[in-house]
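Undergrad: Need coordinates for the below:
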Amino acid sequence: MKTIFFIFAVIFLSFHGSNARLSKYYTEKIQSGCADEIKKITPEEKKIIENDELPVTEDGKCYITCGLRQIGCLKDDKVNIEVTFATFEGLIKDKTIQHLMISMISDCIKKENNFVAYSGCELGFKFMECLIKNTEFAKVKDYLEEEYSPKKNATQE
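TA: Numbering: from 1, shown residues only. Next comes the predicted model:
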């Protein structure tokens, strides 16, 4: 498995199999709720995701959006702020990184008026795009990559 980032950690792992250190609740919910979207991901899109990039095809956008909806981060065509913050608090143990992620989410929500201009598969894509364009996102990505790395997982089993 290559690098993972933010909520993509959950979505990515649901696509590539379980990770004992990541809540099975998330992966099972995405695997069952997004089975149709997962089947539509092409090998090329899989490579794009593995390289920490967002797929720009409609199927790729739908995959991202479905995953975010399944874990409750998106609801009623907007970001569900409370669930999203709680999700990150569960994924990110480091308080500094938690606060950074919450700040990034808040900035995106404010900048994009909680993404109400987007619907369908575009909603999750635009949310993720906003987050990964933030200059601080690399710190969150590095943390998640280290925290959920297969090597770290293997040493703790």
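Undergrad: element containing residue 122?
TA: helix 121-133 (DSSP states H and E).
Undergrad: Give me the buried stretch members for stretch 71-80, please.
TA: Across stretch 71-80, burial judged by 16 or more other Cβ atoms under 10 Å covers 71, 73, 74, 78, 79, 80. All C-beta spots, glycine's among them, are computed from the backbone N, C-alpha and C.
Undergrad: Tell me the one of those nearest residue 122?
TA: Checking the buried residues of stretch 71-80 against residue 122 with Cβ to Cβ, the nearest one is residue 74 at 11.3 Å.
Undergrad: returning to what we had before: if you average pLDDT over the helix holding residue 122, what comes out?
TA: The average pLDDT within helix 121-133 is 90.
Undergrad: Show me what it is packed against.
TA: helix 58-70, strand 74-75, helix 95-111 (3 or more Cβ pairs under 8 Å, 6 or more residues apart in numbering; DSSP states H and E).
Undergrad: Tell me which residues are up against it.
TA: Helix 121-133 is contacted from outside by 5-8, 52, 54, 56, 58, 60-62, 64-69, 73-74, 77-79, 104-105, 108, 111-112, 115, 118, 137, using Cβ atoms under 8 Å, 6 or more residues apart in numbering.
Undergrad: and the angle from it to helix 95-111?
TA: Orientation check (axes from the mean of the first three to the mean of the last three Cα atoms, to 10 degrees): helix 121-133 against helix 95-111 gives 130 degrees.
Undergrad: In helix 121-133, which residues are buried?
TA: Those would be 121, 122, 123, 124, 125, 126, 127, 128, 129, 130, 131, 132, for helix 121-133 by 16+ other Cβ under 10 Å.
Undergrad: who touches residue 81 in this structure?
TA: 105, 109, 114.
Undergrad: 7 Å instead, please
TA: Shown in contact with residue 81 (Cβ atoms under 7 Å, 6 or more residues apart in numbering): residue 109.
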